[in-house]
Each structure stands twice: as structure tokens, then as C-alpha cells.
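Asker: below: sequence and its predicted model.
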Amino acid sequence: MALSLPFSGQNFLPIVSFSSDFLPWNPRLFEGSRNHKNISKTKNISFPISCSSVKTVRSPSLDRHIVKQNKIRFVLKLQTLLLSKPKCYIPLQILNKCRSYLSLPKPRSILSMIHRYPTIFEVFSIPTAPMPFNASKSLSQLCVRLTPAAAALAAEESSLRSAISDSLATKLQKLLMLSSHHRLVLSKLVHLGPDLGLHPNFQSRLCNDHPEKFKTIDTSYGRALELVSWDQDLAKPLPSPEIQSLGLIVDRPLKFKHLNLRKGLNLKRRHQDFLIRFREIPDVCPYSTAASEMPKESIEAEKRACLVVREILGMMVEKRTLVDHLTHFRKEFGLPNKLRGMIVRHPELFYVSLKGQRDSVLLVECYDENGSLLDKKKETLVLKEKLMELVRESKRENGHFWTADDLKGRDGQHLDPW
């Protein structure tokens, strides 16, 4: 994908031309490099910069963070299923029908996966009602439930969500304020629920407990959440990330403009020039500026789209989500069709990890050089760390040693388990 960045001035002399998908190819546009006098006749020059060959530079520390979180994905999904039941247990016969939700292919055994985590899940049997043809026999079926330690941790997390319900409702209100029509379909919003820290049944609880902020309505696409009141105090974008000090001995202005990139990220010169000029474009408020106010596939529209994605990731508990989740809301938030390409094109803001079954996008400014979140003191993150400690304890009890297949991502890069 290529971007064209307009510049005005008579002293600007394009030396190298690049391909562009935004503007049709016009060789006359670059005749000024041969005849400098023709430049004085043109006031606005579009300098096309091709970013079609942008390659994502891998970050081992951020990839390691994604691998660490993916290790407990099965635990989190099964725990959500158990807590959704009235008695907090599920027969294995019914659990076999939930393979697609658990992301467990059919050759793999669900029972063996449950036995991997003895500190979190336990298997027990319950008697079944005798059938008429074998009334003399007493049958039983295997079920799975949470261990007392995992159940206590889940109860603590549920009480925490109830205590911070106002802040969770504020997140939903800000999302509705970001959307084009101030309305989001609940079937789509469910995908972002875990990343936002919402309760699995937030549709029936949280959405109805704050009628002054939003309400549920019926649409042709299903039940949706609609904004009721606009809060001007919430319509403030995230502050700009702090520029890291270069550690210069002499405190004086830099001769050349500097990009704040993560350690080990080396970009091509033309990509760096594009990012520097992109940064100089004035910011717009993503809450008060609609996508329809800007030309499609323009640099201003991309500036707004980057700010919208940054706002959404800033609301996440771990400042990350799946790329697929964002693509579900392209129309609602006015995001471009080639959303993933736009995210990859801005490594100063985002990082796309290929670890796991689906790609993840992270907000770079919220992570340190070791791939850890800068804000680790949130109670929700503390509870998740306790759950991960239970997972590690299960591995120690089982004497499970990580195999090479466990430590490989999609691209085969070897990573440490924790």
C-alpha cells in the first residue's frame, strides 16, 4: 500500500520517485528534477512514498509476552464455560461439543487437556437417572469443575468486576462515543469483552445497570448497545507518548529529526521519512472528528484511524487485542479496509505479533524493553498473575517438561515458556 504526502514549497526538489497507489502515475510530476525552474510554477507537490514492502521486524520480548498469554487460553475459556453454568460444572459429554470454542481440534482429547491442570480443574462423577431398559444398573457420568483454589480466585475476580463496574461502563461509553453512529452490535462487542475486562454476562448485567449512559435496542443486525448521553470529559484522547531521552552529553537541539522506535527496530530511510512527516501532521480528536469528514485513503484519514486504534487499545486491560477483533469494527469506527497493513506501517505505535493461531496487535508505548506491561499494579493483572501461578504449579505437579513444539510459534521461532 502506498501513501502520498502533500508538501508545499518552492525549494523542495524530489530526487527519487516511488510508486503510489493513491495517485496515478504521472511522469511529468518529476520533471522538476531535471529542470529546477519548473518547480517555481508548482505550489503543491505530492511526494508519493511507497510502503508496500514494509516488513514487520520481530520483537522477541513482545512475542514472548504473547506466547505466555496464549498458554492459558484454554484455561480461561474452560473457566468461562464452567462459571456460566448454574452449578459451575459441565459433563464431559457436553464439553465435547464445545471444541470449536475451546480451539481444540478433534484428535486431541479434552480429558487429557483437563488433566494437565490439576490445580485448576478436577474431574468427578455424578449418578445419572436409570433408564427403563437398564433400571437395575446405576450409571454415572464424568464432569469437570474448578478446584477450590481456582474457584476462590474466580470469586475474587467477580467481586472485583462488581467493584469497578463504573469504570467498565465508562469504557463502553467511550467506545460508543468513538463509533460513527454511537451504536455497537452486542454480538460483535462480545469479542472485545475479555480484553476490556468485562464479565462474560455483561450483556445482561452491565448494559442494564447504567441506563444513564447507554441502552440496548433492537436493530436489523440484532441487539445493539446505543449511547444515551455524551460526556465531554471522556472525549479526550490519550496523551502523546513521552519521547525517550537519547542520553546526549550536550543538551542541545538535534540537527536531524528523531523517531522514538523500540530497541532493535531498524527501518528503511524512506519509511523513516514517511513516519517523521506523518508525525508532523496535526492530530485530530478521534471522538469529535468523523471519518466522513476526510477524503478516503488520505494521509489525514490514516492519521485519524491510527488515533482511533490507539484509543481502543488503550482501553484494553493488557493494551492488546487480536487484529481480527479490530477488523470486525472497521465500519463502526471508520477504519480502512486494509487495516492490518496500516497497523504494520506504523511500528512506532503498534506491533503485530504472529504468535498463536491469530495475529495480535499491541500498543508499543505501554510495554518496556523486556516485553512487560509498564502498569503491572492493576488488580485485574494481579489476579491473572495468580492464575498463571496456578498453571505453573500444575506443570510442576505433572512433571511436564516443555517440548520443542510447545515453544515454537507460527513461524518456528524458539521462545522461552515464561
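Answerer: Structure's in. What do you need? Residues are numbered from 1 along each chain as shown.

Asker: next helix or strand past the helix or strand residue 191 falls within?
Answerer: With elements taken from DSSP states H and E, the one containing residue 191 is helix 186-196. If you walk from helix 186-196 toward the C-terminus, the next helix or strand you reach (DSSP H and E) is helix 206-209.

Asker: can you pull the buried residues of that next one?
Answerer: By neighbour count with 16 or more other C-beta atoms under 10 Å, helix 206-209 contains the buried residues 206, 207. (C-beta placed from N, C-alpha, C; glycine too.)

Asker: elements contacting that helix?
Answerer: When contacts are defined as 3 or more C-beta pairs under 8 Å, 6 or more residues apart in numbering; DSSP states H and E, helix 206-209 sits against helix 165-178, strand 214-219.

Asker: winner for burial among the ones you listed?
Answerer: helix 165-178 (a mean of 19; mean count of other C-beta atoms under 10 Å).

Asker: thinking again about what came up before, turn the helices and strands packed on helix 206-209 into CSV, including distance to residue 346 and mean pLDDT.
Answerer: Putting the helices and strands packed on helix 206-209 into CSV (distance: least, C-beta to C-beta, whole Å; pLDDT from 0 to 100) gives the following:
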stretch, distance to residue 346, mean pLDDT
helix 165-178, 18, 94
strand 214-219, 31, 92
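
Asker: can you give me the helices for the stretch 51-200 of the chain?
Answerer: Assigned by DSSP state H, counting those that start in this stretch, the stretch 51-200 of the chain shows helices spanning 60-70, 73-83, 92-95, 99-102, 110-115, 148-163, 165-178, 186-196.

Asker: kindly report the same for the stretch 301-418 of the chain.
Answerer: Under the criterion DSSP H, counting those that start in this stretch, helices of the stretch 301-418 of the chain are mapped to 323-327, 330-333, 339-344, 379-398.

Asker: from the ones you listed, which stretch is densest packed?
Answerer: Taking mean count of other C-beta under 10 Å as the contact definition, the stretch among those with the greatest mean neighbour count is helix 339-344, which reaches a mean of 18.

Asker: which one is residue 262 nearest to, not counting chain neighbours?
Answerer: Sequence neighbours aside, residue 364 is the residue nearest to residue 262 in space, at 5.8 Å (criterion: C-beta to C-beta, 6 or more residues apart in numbering).

Asker: and for that neighbour, the neighbour number?
Answerer: Other residues within reach of residue 364 by the criterion other C-beta atoms under 10 Å amount to 21.

Asker: does it touch residue 350 like I think?
Answerer: Yes. Applying C-beta atoms under 8 Å as the test, residue 364 and residue 350 come out as touching, 6.3 Å apart.

Asker: residues contacting the residue positioned nearest the centre of the chain?
Answerer: Averaging the C-alpha coordinates of the chain gives a centre point, and the residue nearest to it by C-alpha atoms, centre = their mean is residue 321 (1.8 Å). The contact partners of residue 321, taken as C-beta atoms under 8 Å, 6 or more residues apart in numbering, are 192, 195, 312, 313, 360, 361.

Asker: returning to what we had before: how about the helices of the stretch 301-418 of the chain in JSON lines, adding distance to residue 108 and mean pLDDT?
Answerer: Compiled in JSON lines, the helices of the stretch 301-418 of the chain are given as follows (distance: least, C-beta to C-beta, whole Å; pLDDT from 0 to 100):
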{"stretch": "helix 323-327", "distance to residue 108": "23", "mean pLDDT": "94"}
{"stretch": "helix 330-333", "distance to residue 108": "34", "mean pLDDT": "92"}
{"stretch": "helix 339-344", "distance to residue 108": "29", "mean pLDDT": "93"}
{"stretch": "helix 379-398", "distance to residue 108": "16", "mean pLDDT": "87"}
